[in-house]
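[1] From the sequence below, what's the structure:
(2 chains, ligands or ions: 2)
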2 protein chains.
Amino acid sequence: MTMTSNQVRNKQIKLKHYVLGKLEESDFQISSNEITLELNDNNDVLVKNLYLSCDPYMRHRMRGETNSYIPPYQEGQVLDGYGVSKVVLSNNSSFKVGDCVSSWTRWEEYSVIPRGQRLKVIDPALAPLSYHAGALGMAGFTAYVGFFEVLKPKKGETLFVSAASGAVGQLVGQLARDAGLYVVGSAGSQEKIDLLTNKLGYNAAFNYKEEPDLVAAVAKYCPQGVDKYFENVGGKTLDAVLDNMNNFGRVAVCGLISQYDQGGQDGVYNLKRIINKRVTLQGFLQSDYLHLEPKFMDHMSKLIKADKLVYFEDFAEGLDNAPNAFCRMMIGSKIGKQVITVAKD
Amino acid sequence: MTMTSNQVRNKQIKLKHYVLGKLEESDFQISSNEITLELNDNNDVLVKNLYLSCDPYMRHRMRGETNSYIPPYQEGQVLDGYGVSKVVLSNNSSFKVGDCVSSWTRWEEYSVIPRGQRLKVIDPALAPLSYHAGALGMAGFTAYVGFFEVLKPKKGETLFVSAASGAVGQLVGQLARDAGLYVVGSAGSQEKIDLLTNKLGYNAAFNYKEEPDLVAAVAKYCPQGVDKYFENVGGKTLDAVLDNMNNFGRVAVCGLISQYDQGGQDGVYNLKRIINKRVTLQGFLQSDYLHLEPKFMDHMSKLIKADKLVYFEDFAEGLDNAPNAFCRMMIGSKIGKQVITVAKD
Ligand SMILES: NC(=O)c1ccc[n+]([C@@H]2O[C@H](COP(=O)([O-])OP(=O)(O)OC[C@H]3O[C@@H](n4cnc5c(N)ncnc54)[C@H](OP(=O)(O)O)[C@@H]3O)[C@@H](O)[C@H]2O)c1
Ligand SMILES: NC(=O)c1ccc[n+]([C@@H]2O[C@H](COP(=O)([O-])OP(=O)(O)OC[C@H]3O[C@@H](n4cnc5c(N)ncnc54)[C@H](OP(=O)(O)O)[C@@H]3O)[C@@H](O)[C@H]2O)c1
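    Numbers count the residues shown, from 1 in each chain, chains lettered A, B, ... in the order given. Ligands and ions are numbered 1, 2, ... in the order given. Predicted coordinates for the structure are as follows:
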């Protein structure tokens, strides 16, 4: 049992109030306190947070709705979420000082993790530490289970991915290319399209903001129609892809980010297609598949070791930039996975 | 080989022109010719049509769209569809004069069925002949495969059915009650609601036209939430049920009739629910399951013999009333399965 004590600054990011419409930086509050690094309870762990993951599901928690699978944040309280941290103090025999851990932590510099819950020791040699907040973390796992378990892909099929250059999308594309699919994606800037086709293994991609007719765009870039759709955005893109689905197609409904800020005003109009074409839409949560995490890590480690994985990250430096980073992610003003660097080690 | 010849009147129902908006009686044309009852080609069968089935999918074929699973009707041509017929002449060794057959026939008094295609000899002792145009025909088979194969029901679950008193819906409810589910339905009149709860085994039902808040209505009548949804109508009802789905619920998307006349203007807004609740929506066509027809007939025969099947039919007498009957079915001004009686034998 380790027991030291010293004073440090602990900057924190809080949600000021619930937000239903467009989220702004001013909806967050940054505060700073002096705290004593110490542990009182048995089995607790104190970590220093290194990287925090910006995840769209957190947006839901900022709405104050209580009927979701995860409770809302409390107004005026520090945010919590996925991250990568380093153990500073430990009363828990599973973690020792200096361990790098993938964590369910809080948006602050130092966090006490009661009973070390949901900490997982990671191997700093496998990949950059920040990957454990993205490619090797929740986003990567979401790509893996959505692709393999929900879409049940077959070689030669055409896969469409929306928000294709994002934290999840860029991995779906790579997993799919590796599995022999024809992979097409959409994203919101020319720079992202170039990344997709030049670096991320996408066979084709288009900027949905520049296409006057999304149905025609999907048809053009998916000349064989769409067999599998990894859905991250919803709204007009979903309608356009539904209109291009092949018989017995499958849609993994991972996210509908185009509807998060506005409370779902865009209707979906092409559901009739799912009868004609016998399409299945399956909503899923990565957290239902946690038993597959070892398989996932194995799959990803092999790709990394074979030099077959590329992962783009967009780092916001310091907690002061966290509110801005989160808002930028929501509207697509970042490239790849949005990460907040709290400290480098 | 039978070869007789005589002159008879042959009344026919034709579609005048394609219709995108609301279908009216005046969009059909009734004509009458003298024909000679005769067969020229080997293997052909000449039938007298007894009962014709009014089916909503026929509405799609009246739009002139070519991108569906079934080609459109031709303007100015006789309609075709499911029916019950009697063999009058046969050049086909599988069918003899006097056989009752369930048929893919035309909306006229006498039809030549090339090579006897899609005729199936039926047992007139099993049930009223007209049942083979409904409960024991395509509608019944749709209820059977949608319920058992797509919804994968479990005892004790809550099933919701829209258009619950219709050709398909009234059977879904009975299959589900028999399988131990809690069954709730919606339909468009108080008379239908009474039928559902008093005669058709529904545990509860409501008139969707009288409910100001459909979400609240589904919640009220399904106090345990909805595990399985047999979807016949789409639009606002779909949104209301999605909002009440339980975790890992399943939706069998059988039809979206509320959208057929208008080309799909109602958007669906609650798809976000399918992520939270991990819901699967599966569009299906009964025709993909034809290998299960013997199992279906077996299941239905057992229910009939055990006096466990009720089936409400709404008969329009004579082909002259066929256009009206079809339009009435589309807007719900009929009770149960809409059948056209062309002749009683
Ligand atoms: N079901 C689960 O278990 C699970 C787990 C993790 C994530 N998710 C979901 O997966 C999706 C992707 O998450 P992520 O972490 O990889 O985020 P991300 O893609 O890195 O970031 C979100 C991206 O969505 C795009 N976007 C925003 N508004 C849009 C709009 N109106 N129309 C189209 N695209 C829009 C933006 O990129 P563009 O430049 O392309 O517009 C933005 O960068 C999200 O919907 C998220 O909620 C689900
Ligand atoms: N996928 C397949 O293989 C397959 C096969 C057969 C049938 N279907 C579909 O299954 C559904 C039921 O067919 P069915 O033969 O049993 O027809 P049905 O229910 O006997 O007749 C259609 C009924 O739909 C209801 N309806 C009409 N407009 C509506 C609206 N705007 N909102 C709500 N309800 C409305 C009406 O009853 P109310 O009084 O309740 O409004 C009407 O009587 C249809 O959607 C059909 O296309 C699919």
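[2] Touching, residue A:320 and residue A:30? I think so.
    Yes. Shown here, residue A:320 and residue A:30 form a contact pair, counting by Cβ atoms under 8 Å, at 6.2 Å. From N, CA and C alone the C-beta is placed, and that goes for glycine too.
[3] Common neighbours of the two, please.
    Listed contacts common to residue A:320 and residue A:30 are residue A:11; contacts here mean Cβ atoms under 8 Å, 6 or more residues apart in numbering or on different chains.
[4] could you pull out the helices for chain A?
    Using DSSP state H, the helices of chain A run over residues A:57-61, A:138-144, A:169-178, A:190-198, A:214-221, A:235-242, A:273-276, A:293-305, A:322-331.
[5] Distance to residue B:142, mean neighbour count and mean pLDDT added to those helices, as JSON lines?
    Below are the helices of chain A laid out as JSON lines (distance: least, Cβ to Cβ, whole Å; neighbours: other Cβ atoms under 10 Å in any protein chain shown; pLDDT from 0 to 100):
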{"stretch": "helix A:57-61", "distance to residue B:142": "37", "mean neighbour count": "19", "mean pLDDT": "94"}
{"stretch": "helix A:138-144", "distance to residue B:142": "36", "mean neighbour count": "25", "mean pLDDT": "98"}
{"stretch": "helix A:169-178", "distance to residue B:142": "35", "mean neighbour count": "26", "mean pLDDT": "98"}
{"stretch": "helix A:190-198", "distance to residue B:142": "42", "mean neighbour count": "18", "mean pLDDT": "98"}
{"stretch": "helix A:214-221", "distance to residue B:142": "29", "mean neighbour count": "18", "mean pLDDT": "98"}
{"stretch": "helix A:235-242", "distance to residue B:142": "22", "mean neighbour count": "23", "mean pLDDT": "96"}
{"stretch": "helix A:273-276", "distance to residue B:142": "11", "mean neighbour count": "20", "mean pLDDT": "94"}
{"stretch": "helix A:293-305", "distance to residue B:142": "39", "mean neighbour count": "15", "mean pLDDT": "97"}
{"stretch": "helix A:322-331", "distance to residue B:142": "43", "mean neighbour count": "21", "mean pLDDT": "97"}
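[6] Which of these sits closest to residue B:54?
    Go through these one by one with Cβ to Cβ and the one that ends up closest to residue B:54 is helix A:273-276, at 18.6 Å.
[7] Just checking the closest one against ligand 2, any contact.
    Yes. Residues of helix A:273-276 are located near ligand 2 by Cβ under 6 Å from any ligand atom, namely residue A:275.
[8] In chain A, what residue lies closest to ligand 2?
    residue A:275 (5.4 Å; Cβ to the nearest ligand atom).
[9] Provide a list of residues in contact with the closest residue to that residue other than its chain neighbours.
    When the adjacent residues along the chain are set aside, residue A:275 lies closest to residue B:283, with 4.1 Å between them (Cβ to Cβ, 6 or more residues apart in numbering or on different chains). By Cβ under 8 Å, 6+ apart, the residues touching residue B:283 are A:273-280, B:253.
[10] Can you pick out the most distant pair from the residues you listed?
    A:276 and A:280 (13.3 Å).
[11] ok, now how distant is the spatially most central residue of chain A from ligand 1?
    The residue lying closest to the centre of chain A (Cα atoms, centre = their mean) is residue A:139, at 3.7 Å. Per Cβ to the nearest ligand atom, to the nearest Å, residue A:139 is found 5 Å from ligand 1.
[12] Check residue A:128 too.
    In this structure, residue A:128 and ligand 1 are 17 Å apart, going by Cβ to the nearest ligand atom.
[13] ditto for residue A:147
    Distance from residue A:147 to ligand 1, counting by Cβ to the nearest ligand atom: 12 Å.
[14] ok, that residue touching residue A:175?
    Yes. Between residue A:147 and residue A:175 a contact is recorded at 5.0 Å, counting by Cβ under 8 Å.
[15] Close to ligand 1: what parts of chain A are there?
    Residues of chain A lying close to ligand 1 by Cβ under 6 Å from any ligand atom are A:55-57, A:139, A:142, A:163, A:165-169, A:187-189, A:192, A:232-233, A:254-255, A:257-258, A:284-286, A:329, A:331-332, A:337.
[16] From these, keep the buried residues only.
    Burial of the residues of chain A next to ligand 1 was assessed by neighbour count (16 or more other Cβ atoms under 10 Å in any protein chain shown); the buried members are A:55-57, A:139, A:142, A:163, A:165-169, A:187-188, A:192, A:232-233, A:254-255, A:257-258, A:284-286, A:329, A:332, A:337.
[17] List the ones among the residues you listed that fall in strands.
    With strands identified by DSSP state E, the entries of these that belong to them are A:187, A:337.
[18] Those residues of chain A touching chain B, which are they?
    Those residues of chain A that sit near chain B, judged by Cβ under 8 Å from any Cβ of the partner chain, are A:67-69, A:234, A:238, A:253-256, A:259, A:264-285, A:288.
[19] which ones are touching residue A:121?
    Residues counted as contacts of residue A:121 (Cβ under 8 Å, 6+ apart) are A:94-95, A:99-101.
[20] do that again at 10 Å, thanks
    Listed by Cβ atoms under 10 Å, 6 or more residues apart in numbering or on different chains, the contact set of residue A:121 reads A:87, A:94-96, A:99-102.
[21] same deal with residue A:336?
    Contact criterion Cβ under 10 Å, 6+ apart gives A:134-135, A:165-167, A:169-170, A:192, A:195, A:200, A:310-315 as the residues in contact with residue A:336.
[22] Show me what the closest residue to residue A:130 other than its chain neighbours is bridged to.
    Of all residues not flanking residue A:130 in the chain, residue A:51 sits nearest, at 4.6 Å (Cβ to Cβ, 6+ apart). Taking DSSP bridges, one finds residue A:84, residue A:341 as the beta-bridge partners of residue A:51.
[23] give the contact list for residue A:51.
    With the criterion set at Cβ under 10 Å, 6+ apart, residue A:51 makes contact with A:82-85, A:102-103, A:105, A:128-134, A:137, A:313, A:315, A:339-344.
[24] Which among those residues count as buried?
    With neighbours counted by 16+ other Cβ under 10 Å, those contain buried members at A:82-85, A:102-103, A:105, A:129-134, A:137, A:313, A:315, A:339-342.
[25] Give me the domain ranges for chain A.
    According to the domain assignment given by automatic domain parsing, chain A is divided into the following structural domains: A:7-134+A:312-341, A:138-287.
[26] Of all those, which one is nearest residue B:112?
    Using Cβ to Cβ, the nearest of the domains of chain A to residue B:112 is domain A:138-287, at 30.0 Å.
[27] now the closest one: how far from the chain's centre is it?
    Centre-to-centre, domain A:138-287 and its host chain are 15 Å apart (Cα atoms, centre = their mean, to the nearest Å).
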